[in-house]
Structures are given as structure tokens and as C-alpha cells.
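> Have a look at this fold, sequence not included:
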């Protein structure tokens, strides 16, 4: 099969995945305790668009309750699920390509644990959801910064065994420390109010997300995703090894730093919105690699699309399967762990 045919097939696959994500989004708007007919959704969105641009909406008649449910409750939650899924899967894909290890996940450098600690501290101090989100994001960035600084210090002192390995090891240490700090925070929390709130947030969920929260998180997510998309072809070169990359004139240190910073922005922003949700950044890039191979030029966008669809589907199950909403972290583990085992049994097809 020629290269043009392969590119054509990948383009068709990406188009199919995009159409599937759009159909899933429309279906998700309808799903819930209050059923919204699919045929009414375009009218609700059209009325909201007309109202935003201050156009005449007198000819569009929609039930107020239905309009409130779609615009104020479901649409922000669906957009958050799509953004979080794409961010976690994109970060996981980048980390796996950077470290040349399919077992790497977005929290490898402590971003998730740091973000969880930041959220726990804010909840302990009785802060608003916006402050919790900001504290989670800042602590996630700080955790990765500490991992990076320690690994650099270790390497310069001659005690390291390589830049990448030192970074991974220090990330594991920082992640363990943040987990210990989370446990201390839970120990200090009021068992009647603060402790349940911290525990529930750490399990993950989108029930408290509002429109402003989504807009606030989209800024760092865009700041993280745009550089990764622009640098995705360099990830291909870096996956062959640092010596080969340097031979092609690539500054591997700056490239590694740019990828880590961008992936950390994605991970911290996602965790600040949804809580500590695992498996998305580990499983979804594997599935994408099985579909399109290890070429990051295609692998990264496919991972993002699949991650968005996966997170939205899991959130639909969380809010519709039982009367009481199931935390997302539990569902992603229940779905992701068996699925990952299936991928392992089938082999590491497509991994370079």
C-alpha cells in the first residue's frame, strides 16, 4: 500500500472518529433524568446563539426548563468531559512518546498527585470551587517543577543515571510525597463535612462544573495542546533516541522541557476540573496506537479525539446508570483496567 493510500485511510479514520464524537455529544445532551428530544437540541442552541448576538428570538419557542437543563447543566458538563478527555489522552500520548515507554501515564511526574493535594488544601480551608480549581492547577504545576528541579540537581551532581530516568524517579518520589500530604490533609479534616468533600473530589466527577469553570480550564488546556500539536513531528524524531535527534539538529533539552511543560498544563488543568481520574491517559493512547501506528503526527490528534469520546461516554454512564451518580475515577478504573489487560494480551502492536 502506498504512502498516499495510508494517509488517505488515516484521514478517513480521523473523520469517522470526529463524526462519532459529534453524534455522541448530541446523544449525551439528550440523556439524563430529564429527557430532551434530539430534535429540540438544534433549536435550543440556535436560540442561545441568537441571544448571544442579540438577534430576535421571538420566533423560537422552547420550554424554559428544557432550555435551562441543556444550557446551564448538561452543555458545560459535556464540554468539560470532552476537554478533559482530550487533555489527558494528549498528555499521555506525549509522555509515552517522550519517555519511549507505553506504560507511562500523565501523572508520571506528580502532576495529578500535586493537583489533588492542592484541591484538598483548598477544601480544608473552605474555599469556593473556583479557588479549589485554581489551587489544584497551581499545585500540579509546582509538583512537576519540583520534580524537574530535583532531577536537574541530581544530574549535575553526578548522581543521576540519565536525564530521563532521573526525571521519572524524582517524579515518583514527588508523587508519593504529595499522596502522603493528601493523607495528612484528610486526617486533619472534619470527618462530618470536609473529609467527605475531599474524598469525593479525589474520586473524580463533573457534577459541580459550571460554564465559567470550563472557560477557565480551557485557557491552560489550549496553551498546552497547541505546542504539542506544533511539535508532534519532533516527537517522532525524539522517539528514535536523543543521539539521533541531536544529529538532526534538534535541541533535545529544550524539546523535552517544552513537551513536559505542555503536558503538565494539560494534566493539571484536567485534574483541576474533574479530580483525580486515572487510566484515560494510559489506555487511550494504546488504542490510538493500535489504530494508526506510532506516528505522532496522526497519533496525537487521534488520541485526543478518542480520549474526549471515552471520557464523555464514561460520564454518561456515571450520571445515567444508577440513581446516585458514580464517581468518574471508579468508572474509568472499572472500564480502563480490563480494557488495558485485553490490549496487553493482544500484544504491543504498533508500538515503535
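Here it is on my side, so go on. Quick caveat: nothing in here was measured; it's all calculated off a predicted structure.
> residues near residue 49, how many?
11 (other C-beta atoms under 10 Å). Yep, even glycine has a C-beta here, placed from its N, CA and C like the rest.
> roughly how far apart are it and residue 336?
Residue 49 sits 36 Å away from residue 336, going by C-beta to C-beta, to the nearest Å.
> All the helices of the stretch 251-352 of the chain, residue numbers only.
252-274, 280-292, 296-320, 328-346 (DSSP state H, counting those that start in this stretch).
> meant to ask about the chain, not that
3-30, 41-52, 64-68, 75-99, 111-124, 129-156, 163-188, 194-203, 211-238, 242-247, 252-274, 280-292, 296-320, 328-346 (DSSP state H).
> Now the second one: buried residues?
Yep, that's helix 41-52 we're talking about. Residues of helix 41-52 classed as buried by neighbour count (16 or more other C-beta atoms under 10 Å): 41, 44, 47, 48.
> same question, stretch 100-110
For stretch 100-110, by 16+ other C-beta under 10 Å, it's 102, 104, 105, 106, 107, 108, 109, 110.
> cool, stretch 284-297 as well?
For stretch 284-297, by 16+ other C-beta under 10 Å, it's 284, 285, 286, 287, 288, 289, 291, 292, 293, 294, 295, 296.
> Repeat that for stretch 69-85.
69-71, 73-85.
> Out of these, which comes closest to residue 211?
residue 76 (4.5 Å; C-beta to C-beta).
> Can you name the residues that contact the residue lying closest to the closest one once chain neighbours are set aside?
Leaving aside its sequence neighbours, residue 76 sits nearest to residue 211 (C-beta to C-beta, 6 or more residues apart in numbering; 4.5 Å). Residue 211 is in contact with 72, 75, 76, counting by C-beta atoms under 8 Å, 6 or more residues apart in numbering.
> With residue 75 instead?
29, 211.
> ends of stretch 49-64, how far apart?
16 Å (C-alpha to C-alpha, to the nearest Å).
> Let me have the helices of the chain in a markdown table, extended by distance to residue 58.
A markdown table is the format used below for the helices of the chain (distance: least, C-beta to C-beta, whole Å):
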| stretch | distance to residue 58 |
| --- | --- |
| helix 3-30 | 24 |
| helix 41-52 | 10 |
| helix 64-68 | 15 |
| helix 75-99 | 23 |
| helix 111-124 | 44 |
| helix 129-156 | 35 |
| helix 163-188 | 53 |
| helix 194-203 | 43 |
| helix 211-238 | 25 |
| helix 242-247 | 61 |
| helix 252-274 | 36 |
| helix 280-292 | 44 |
| helix 296-320 | 34 |
| helix 328-346 | 40 |
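> The buried residues of stretch 100-110: which two are farthest apart?
That would be 102 and 110, which, of those, are the farthest apart (C-beta to C-beta) at 20.0 Å.
> in the worst-scoring helix or strand of the chain on mean pLDDT, what's buried?
Ranking every helix and strand in the chain by mean pLDDT, DSSP states H and E puts helix 242-247 at the bottom, with a mean of 74. Across helix 242-247, burial judged by 16+ other C-beta under 10 Å covers 242, 245.
> Since that was my last question, I'll sign off now.
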